Structures are given as C-alpha cells and as structure tokens.
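Enquirer: no FASTA, just this:
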C-alpha cells in the first residue's frame, strides 16, 4: 500500500448493490452503471496504486475497508457511451471497526473531507491525511479494554 499517493480517494457504494464482504470474496471490485459526471471525472483521475477508502452508503453509512486502484479508468461496458467510465479496485484491508459518518463529521481533522461537504458524490477525492486518520486501524484488533476510548 502506498500511503503517500499523489491522489487519495473515497468510493461510496450501497451494500445492497455490492457489499464489502462481496468485494473481499471476489478479490476485485469493478463498479458498473456510474452515470454521474463528477464521479466520472474522479474515476478518470485515479491511477494504479492509489488508495481508496470504501464507504457503505445508504444503509450502514461507514467506511468499512481500503482498496487500491488495480486498473485505471476505461469505458464502462454496460454503456454504449464511452463517456461513462469504471476502474478496477482490489481490496487491501478490512477496518477493524467501521468508521461511521457521525464519527467522521465530528472529527475536526476530517471537516474538509468531500464526504462531509458533498454527501451525494459517489467517487470523491480525499485529503491524504484521512488515510492516517481512518485507514491505519489494525486489520484484526487486539482484545478491547473494558472501556475503550472513542477514536477513529
């Protein structure tokens, strides 16, 4: 995983369409049917190796894992219009605990995160420091203390 990637991203997807568990099982995630001009713009800027936070939208409302761009943007095969793009992502790590939107909104280090400012966007850039804030949780947490501190 390269933490100091030139670009860092957040991808939102509804778990009833594709869940993190499905992505882990398949070993790859290729979103289809994205028809947002803003999301297409961000997909076109993603580069192989960029880290991506995966956010469950519409239900859980939490960052649940980290992916990496495996294949840069290419035309979405579900559309005859080459304007619409997709990328291939590989799962890297499941977060020990999902990071809920409420925790993200309440952390002053994350107020500039596009997820907070533009909740409707599906594929968003994010400041690099959010990887350090959200993404460095251990994949398998140690036994929690009796009264664990609240943190991202």
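Expert: That came through, no problem. Keep in mind it's a predicted model, so treat the numbers as computed, not measured.

Enquirer: CA atoms for contacts and neighbours, from now on please.
Expert: Noted.

Enquirer: and the strand or helix carrying residue 52, what does it pack onto?
Expert: Residue 52 belongs to strand 51-56 when assigned by DSSP states H and E. Other elements packing on strand 51-56 under the criterion 3 or more C-alpha pairs under 8 Å, 6 or more residues apart in numbering; DSSP states H and E are strand 9-13, strand 62-75.

Enquirer: with respect to residue 43, which of these lies nearest?
Expert: strand 62-75 (6.0 Å; C-alpha to C-alpha).

Enquirer: so where do the helices sit in this protein?
Expert: Counting by DSSP state H, the segments of the chain that form helices are 20-26, 37-45, 101-106, 114-117, 129-130.

Enquirer: can I get the ones you listed in CSV with mean pLDDT?
Expert: Converted to CSV, the helices of the chain look like this (pLDDT from 0 to 100):
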stretch, mean pLDDT
helix 20-26, 95
helix 37-45, 89
helix 101-106, 86
helix 114-117, 68
helix 129-130, 46
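
Enquirer: and the ones you listed: which comes nearest residue 51?
Expert: Taking C-alpha to C-alpha, helix 129-130 is the member of those nearest to residue 51, at 11.0 Å.

Enquirer: can I assume residue 12 is in contact with residue 58?
Expert: No: under the criterion of C-alpha atoms under 8 Å, residue 12 is not in contact with residue 58, lying 9.2 Å apart.

Enquirer: in the protein, where is pLDDT below threshold?
Expert: Judged by pLDDT under 70, the chain has its weakly predicted residues at 1-6, 114, 116-152.

Enquirer: show me what the longest strand along the chain is packed up against.
Expert: If you go by DSSP state E, the chain has its longest strand at strand 85-100. Applying 3+ C-alpha pairs under 8 Å, 6+ apart, we find strand 85-100 packed against helix 20-26, helix 37-45, strand 62-75.

Enquirer: if you count neighbours, what's buried in the first one?
Expert: Of the residues in helix 20-26, those with enough neighbours to count as buried (16 or more other C-alpha atoms under 10 Å) are 20, 23, 24.

Enquirer: repeat for the last one
Expert: Neighbour-count burial for strand 62-75, with 16+ other C-alpha under 10 Å as criterion, is recorded at 62-73, 75.

Enquirer: kind regards, and thank you for your time.
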